[in-house]
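J.: task: produce atomic coordinates for the following.
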Amino acid sequence: MVIETESLTKRFRRRTALNDCSLSIPRGRVVALVGPNGSGKTTLLRLLAGLSRPTQGRISVFGEEMSTSNTDLRARVGYLDQDRPLYERWRVREILEFGRRTNPAWDPAFAARHLALLDIDMESPVRNLSGGQRAQVALAVCFAKRPDLVLLDEPASALDPVARQDLLQNITELFADNEASVLMATHAIDDVSAICDYVIILSQSRVVLSEDLDYVLESHRLLSRGLNDGVSVPRDAVVLEERRTTREITYLVRLAMPMERDGWRIERPTFNEIAIAYLRDRPRSTSTLSVTDRGESGAP
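T.: Numbering: from 1, shown residues only. A predicted model of the protein is given here:
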């Protein structure tokens, strides 16, 4: 596993930013950390990067305990802050030179090649770059460190649609070229299905889902029937959301195993529908299946 946490909690005085977070993330994945603003995404990334100390709990990265004092392990992690801090008056060339002097494993050819492909002028001051160009420079600095784990905090935020799509595509390409694991925090659900293969959903500072994206899509279904059909929801289904019209009722459910139609119309939900259901602040019906349980067979 690239990341393992156990009962990870971070409090700031009376506010709990992250609550009892337990995760096991496989190596070699592009992982989306999804949640609204204030859900604990940035807090989790800073803890994983060794930039902050947990109030309680344990963090393991590549099988080693992560801490603010573990400089060797922190060197294997690249972290891109959501504000993408770059010195405004420095030229792009100077930013890369600073990266070379402060990172032993720095790859200058990689950074220069990536920015050249994007037609970013090495002599241009950072303040003269567009938002998308600044994001690309910050991304180049992060990957040129040649980290084994890359942590990206809202890398495409505040970008226009074209720049956003370009940046996400570049993240995919850089991941393929570097053989690193990537954990990307985002509140934009559309980003997930575009480039990620594993998903973690945070809601109200807690992990409510952590799975392979393909498994998430296969284990959730929309079940619809007429209001007066009298068909019961399968016993082993977790009802995440209920929708009603004047004639029909639809449940978004998580299933432990395949089910017979038995009067239901069964459809596949989009990831957007699944994620929003987990993020809604509402009570859910109880059943024998938790968000971390798996049946031995996939859903229909």
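
J.: all contacts plus neighbour counts: C-alpha atoms, from now on.
T.: OK.

J.: quick one: low-confidence parts of the chain?
T.: Applying pLDDT under 70 to the chain picks out residues 258-261, 281-300.

J.: now do the strands in it.
T.: For the chain, the strands defined by DSSP state E occupy 3-12, 15-25, 30-34, 56-61, 64-65, 77-80, 149-153, 181-186, 198-203, 206-212, 220-226, 237-244, 248-255, 265-267.

J.: to residue 116, which of these lies closest?
T.: strand 77-80 (20.7 Å; C-alpha to C-alpha).

J.: what's next to that closest one, contact-wise?
T.: By C-alpha atoms under 8 Å, 6 or more residues apart in numbering, the list of residues contacting strand 77-80 from outside reads 49, 138-139, 142-143, 145-153, 155.

J.: nearest to residue 130, out of the strands of the chain?
T.: strand 77-80 (17.8 Å).

J.: the longest helix belonging to the chain versus strand 149-153: what angle between them?
T.: Counting by DSSP state H, the longest helix found in the chain is helix 161-178. Calculated by axes from the mean of the first three to the mean of the last three C-alpha atoms, to 10 degrees, helix 161-178 forms an angle of 170 degrees with strand 149-153.

J.: show me what helix 161-178 is packed up against.
T.: The contact analysis (3 or more C-alpha pairs under 8 Å, 6 or more residues apart in numbering; DSSP states H and E) places helix 161-178 against helix 131-144, helix 190-195.

J.: got a list of what residue 11 touches?
T.: With C-alpha under 8 Å, 6+ apart, residue 11 has these contacts: 17, 18, 54, 55.

J.: what's near enough to touch the residue lying closest to residue 193 once chain neighbours are set aside?
T.: Spatial nearest neighbour of residue 193, chain neighbours left out: residue 271 (7.3 Å); criterion: C-alpha to C-alpha, 6 or more residues apart in numbering. Residue 271 is in contact with 189, 193, 217, counting by C-alpha under 8 Å, 6+ apart.

J.: measure the nearest residue to the first one once chain neighbours are set aside to residue 32 for me?
T.: Once its chain neighbours are removed from consideration, residue 189 has its nearest residue in residue 272; the separation is 6.2 Å (C-alpha to C-alpha, 6+ apart). Here the distance between residue 272 and residue 32 works out to 13 Å (C-alpha to C-alpha, to the nearest Å).

J.: and these two? Which one has more around it.
T.: residue 32 (26 against 13; other C-alpha atoms under 10 Å).

J.: on that earlier part again, of all the strands of the chain, which one is nearest residue 169?
T.: strand 30-34 (12.4 Å).

J.: could the helices and strands packed on helix 161-178 be laid out in CSV, adding distance to residue 79 and mean neighbour count?
T.: Shown next, in CSV, are these (distance: least, C-alpha to C-alpha, whole Å; neighbours: other C-alpha atoms under 10 Å):
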stretch, distance to residue 79, mean neighbour count
helix 131-144, 7, 23
helix 190-195, 18, 16
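
J.: let me have those helices in CSV, adding distance to residue 88 as columns.
T.: Listed next are the helices and strands packed on helix 161-178 as CSV, based on distance: least, C-alpha to C-alpha, whole Å:
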stretch, distance to residue 88
helix 131-144, 10
helix 190-195, 28
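
J.: show me what contacts the nearest residue to residue 41 once chain neighbours are set aside?
T.: Nearest non-adjacent residue to residue 41, counting by C-alpha to C-alpha, 6+ apart: residue 185, 6.2 Å away. Neighbouring residues of residue 185 by C-alpha under 8 Å, 6+ apart: 32, 33, 34, 35, 41, 42, 151, 152, 153, 154, 155.
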